[in-house]
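# Sequence and computational prediction follow.
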Amino acid sequence: MTIGAKTKKEVLKDIIRDLHGGGDVEVLKKRFGDLVKDVSGAEIGAMEQELITEGLPEAEIRKLCDVHVKVFEESLASQPVPEAVPGHPLRTLVDENRALEKVVAETRAVLDHLRDEPDHRDGTADRARLTALAASLAEVEKHYLKKENQLFPRLEEKGISGPSKVMWAVHDDIRAHLKEFRRAIDTGDEALARNTGTWVLQEIADMIGKEEKVLFPMVLEMLTEDDWARVKKGEEEVGYAWIPPAPAWGPGVAAAPAPGAGAAAGIALDTGVLTAEQIDLMLTRLPVDISFVDETDTVLYYSATAERVFPRTPGVIGRKVQNCHPPKSVEVVERILAAFRSGEKDEAAFWISSRGKFLHIRYFAMRDKAGAYRGALEVTQDVTGIRELRGERRLLDGNEA
């Protein structure tokens, strides 16, 4: 079939297939000429999704997504950064990127100074400055969480999950490299700090480009005003990176029920009757974070506690649980759920150290009275303080401190 007989989308997919087969970027750009000069970020994202659906591994897409951008760079470079009014979730993400670029530039300047003037500097001052900058870079977590918990679920609802998974995997790489950068600074390993710092700064800069040239045009094209209102709803729960809270925006998000609304309607439980409000009060004041997925692996609930260990936003409700975890964790999640579903296991537990906390994470199979599998409960608890307890404190000691 000739190029003229194919649709533009099919030709573009041929280009990507050729890239994955080892084709040269410059040769392909010359071969397809004007066609690659008129490609939108939304089209690149759609192509990647179709190729994944057709069987191209996500890992392969991830490995060469930089090359995808490279072959279409002329077209992407001419496209402006998507615009939105103040308060719109997309405007918030773009504003965060502008602030992030300043932090990246300042960090690069310090690393360049360490490299170029090794004998004319104050090591203590440089380390303190790098420590502060590394802490500022770590704020990118909020930016990525807004994408993972708010934007990606909306794309999944439109049948687009591949590009999101690819981008999430890159987020995890950046997170890991930021931790290495911080450890190198803390241990005084200047050479490692320069190397890891330079590497992760480039990763962050590249991600900004992928967002603004591929992801943002795609979501702006695909999401409705109601979709954006749902994205906005979870924005404050995650927080803002480097910028003040965004102003109000939206076509209108359903108002929360007034306190006490529906209080008279009791729900009969096995050992009592509680109102929906009372159940919510109980669940949000337990010293654990709870998430529930049903027998179809769909997230139906999470407890909105004041300080969740792992942030969640309303965007996860109705989402497949496999899409709520980093790609590298999905296989473990699926093994646990398969063991629950088959009856092989009723519980699984893990314990990890994270951000100065010791976390106990447990999963429980939920079965009805007939023994049928009805879902899984995830319970996460910060047990740092519990592990440090010594001796006894009796109820009547009178010391509540």
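All right, it came through fine. Numbering: from 1, shown residues only.
# What segments of the stretch 201-350 of the chain are helices?
Counting by DSSP state H, counting those that start in this stretch, the stretch 201-350 of the chain has these helices, from start to end: 216-222, 225-233, 235-238, 276-285, 330-342.
# The stretch 51-200 of the chain now?
58-71, 73-77, 89-116, 123-137, 140-146, 152-157, 162-186, 190-210.
# now these as a markdown table including distance to Ala370 and mean neighbour count?
For the C-beta atoms, the positions are set from N, CA and C on the backbone; glycine is no exception. Shown next, in a markdown table, are the helices of the stretch 51-200 of the chain (distance: least, Cβ to Cβ, whole Å; neighbours: other Cβ atoms under 10 Å):
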| stretch | distance to Ala370 | mean neighbour count |
| --- | --- | --- |
| helix 58-71 | 38 | 17 |
| helix 73-77 | 56 | 16 |
| helix 89-116 | 44 | 18 |
| helix 123-137 | 52 | 16 |
| helix 140-146 | 39 | 21 |
| helix 152-157 | 32 | 21 |
| helix 162-186 | 36 | 19 |
| helix 190-210 | 49 | 18 |
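# Mind putting those helices into JSON lines with distance to Thr305 and mean pLDDT?
Shown next, in JSON lines, are the helices of the stretch 51-200 of the chain (distance: least, Cβ to Cβ, whole Å; pLDDT from 0 to 100):
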{"stretch": "helix 58-71", "distance to Thr305": "33", "mean pLDDT": "61"}
{"stretch": "helix 73-77", "distance to Thr305": "42", "mean pLDDT": "61"}
{"stretch": "helix 89-116", "distance to Thr305": "24", "mean pLDDT": "93"}
{"stretch": "helix 123-137", "distance to Thr305": "25", "mean pLDDT": "88"}
{"stretch": "helix 140-146", "distance to Thr305": "16", "mean pLDDT": "95"}
{"stretch": "helix 152-157", "distance to Thr305": "21", "mean pLDDT": "90"}
{"stretch": "helix 162-186", "distance to Thr305": "23", "mean pLDDT": "91"}
{"stretch": "helix 190-210", "distance to Thr305": "30", "mean pLDDT": "92"}
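# of all these, which lies closest to Lys345?
helix 162-186 (26.4 Å; Cβ to Cβ).
# Distance from the chain centre to that closest one, please.
Relative to the chain's own centre, helix 162-186 is displaced by 11 Å; criterion: Cα atoms, centre = their mean, to the nearest Å.
# what's the angle between it and helix 123-137?
160 degrees (axes from the mean of the first three to the mean of the last three Cα atoms, to 10 degrees).
# can you list the domains in this protein?
8-77, 89-238, 273-388 (the TED database).
# export the ones you listed to TSV and tack on distance to Ala248?
Formatted as TSV, these follow (distance: least, Cβ to Cβ, whole Å):
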stretch	distance to Ala248
domain 8-77	28
domain 89-238	9
domain 273-388	17
